[in-house]
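**Q** Sequence first, then the predicted structure, then my questions.
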Amino acid sequence: DGGITQSPKYLFRKEGQNVTLSCEQNLNHDAMYWYRQDPGQGLRLIYYSQIVNDFQKGDIAEGYSVSREKKESFPLTVTSAQKNPTAFYLCASSYRGNEQYFGPGTRLTVT
Amino acid sequence: QKEVEQDPGPLSVPEGAIVSLNCTYSNSAFQYFMWYRQYSRKGPELLMYTYSSGNKEDGRFTAQVDKSSKYISLFIRDSQPSDSATYLCAMSVEGKLIFGQGTELSVKP
């Protein structure tokens, strides 16, 4: 089965802790993306990577970090510097950069 | 002004109705236009993808793009309760997508 997997589905953390969200794809896509979704705000781009060992900041990168050591994997770390980390996080991948395919998402709650 | 504007709804229609969902945009550089469907607490699913002005049909769904007016639409014919979801328009430039807020649609049996 080809697709994008994100884990875990739900994640709970205490304020001040860093947390890493997993994203894996077996579609052989070069590009991968992380978005954040809040109620009534659509999707906002956090980071994206068009090739292994390279990534760029999106519109709301502050408080987040990523790595792209393998083509299949693009983990996102939500650091303690992120002011409002509670959100629904979506990972996507793309072959040509236009049509993006999404994973099932991780709902992060920080208290 | 946001680059992509989409009426958030909610929109409620009876089963069998024709649904029209719309987005306007301000950036002439947008080249590709997409519609995604997102069920509650799930990832968005790509429904339609087009890059030129005009209509594109896929079953009960028709995507329409008018680049001169900077306006795109998604029409759903013979709407079903299973179409109840949030519909997101998205536009691409330089490999990045800009999304509308999403329109929440409810189709009542």
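**A** Okay, I see it.
**Q** Next, whichever residue of chain B sits closest to chain A: phi, psi?
**A** Closest contact between chain B and chain A, by Cβ to the nearest Cβ, is at B:Gly95 (3.1 Å). (Each C-beta comes from the backbone N, C-alpha and C, glycine too.) Main-chain dihedrals, B:Gly95, degrees, to the nearest 10: phi 80, psi 0.
**Q** Hmm, it is touching A:Gln100, no?
**A** No. Using Cβ atoms under 8 Å, B:Gly95 is not in contact with A:Gln100, being 9.5 Å away.
**Q** who has more neighbours, those two?
**A** A:Gln100 (30 against 16; other Cβ atoms under 10 Å in any protein chain shown).
**Q** tell me the contacts of that one?
**A** Contacts here follow Cβ atoms under 8 Å, 6 or more residues apart in numbering or on different chains; on that basis A:Gln100 touches A:31, A:33, A:92-94, B:46, B:90, B:97.
**Q** and it, what pLDDT?
**A** The confidence metric pLDDT takes the value 93 at A:Gln100.
**Q** ok, so what distance separates the closest residue to chain B within chain A from A:Asp30?
**A** Nearest to chain B, among the residues of chain A, is A:Gly97, at 3.1 Å (Cβ to the nearest Cβ). Distance of A:Gly97 to A:Asp30, given as Cβ to Cβ, to the nearest Å: 8 Å.
**Q** So what sits opposite the nearest residue to A:Gln56 once chain neighbours are set aside in the bridge?
**A** Leaving aside its chain neighbours, A:Gln56 sits nearest to A:Tyr48 (5.7 Å; criterion: Cβ to Cβ, 6 or more residues apart in numbering or on different chains). Per DSSP bridges, the residues bridged to A:Tyr48 are A:Tyr33, A:Gln56.
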